[in-house]
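1. here are the coordinates; sequence isn't available:
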């Protein structure tokens, strides 16, 4: 299918093919709009809950200790493979991701 698109002159951007995760928080509980139809007491309760649990209301994925994933290998033999060359067009995106991860994400 990609060959068909290239043949027709269509291009696919890297963001359409590579799922990227947000590493810097763009929204916080302060951005939440509480339903104005709630009573004043209910609005205060909602805001208190949001503030109490503000660390879990985030648009940035974090680490959990509630579940564990185990990868079982079928063979202990090392896989030797030459590294792939990074396309020049992707180098800037990769450098930005590395900077974001090393400068403040847990």
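-> Looks like it arrived, so ask away. As the structure is a prediction and not an experimental result, all values here were calculated from the model.

2. so where do the helices sit in this protein?
-> Taking DSSP state H as the test, the helices found in the chain are 2-7, 14-17, 40-52, 88-102.

3. what's the least confident stretch among the ones you listed?
-> Note on those: lowest mean pLDDT is at helix 2-7, with a mean of 45.

4. one step back: of the helices of the chain, give the one that comes closest to residue 24.
-> In terms of Cβ to Cβ, the element of the helices of the chain nearest to residue 24 is helix 88-102, at 6.5 Å. Where C-beta positions appear, they are placed from N, C-alpha and C, glycine not excepted.

5. go through the closest one and flag the buried ones.
-> Neighbour counts over helix 88-102 (16 or more other Cβ atoms under 10 Å) mark no residue as buried.

6. now the helices of the chain in a markdown table, with distance to residue 62?
-> Shown next, in a markdown table, are the helices of the chain (distance: least, Cβ to Cβ, whole Å):
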| stretch | distance to residue 62 |
| --- | --- |
| helix 2-7 | 34 |
| helix 14-17 | 23 |
| helix 40-52 | 17 |
| helix 88-102 | 13 |
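
7. identify whichever of those lies nearest to residue 32.
-> helix 40-52 (5.8 Å).

8. of the helices of the chain, which is nearest residue 25?
-> Among those, helix 88-102 sits nearest to residue 25 (Cβ to Cβ), with 11.5 Å.

9. what packs against that closest one?
-> Under the contact definition 3 or more Cβ pairs under 8 Å, 6 or more residues apart in numbering; DSSP states H and E, helix 88-102 sits against helix 14-17.

10. rerun that using 7 Å as the cut-off
-> Contact here means 3 or more Cβ pairs under 7 Å, 6 or more residues apart in numbering; DSSP states H and E; on that basis helix 88-102 packs against no helix or strand.

11. what separates it from the chain centre, distance-wise?
-> With Cα atoms, centre = their mean, to the nearest Å as the basis, helix 88-102 stands 14 Å off its chain's centre.

12. thanks a lot, see you next time.
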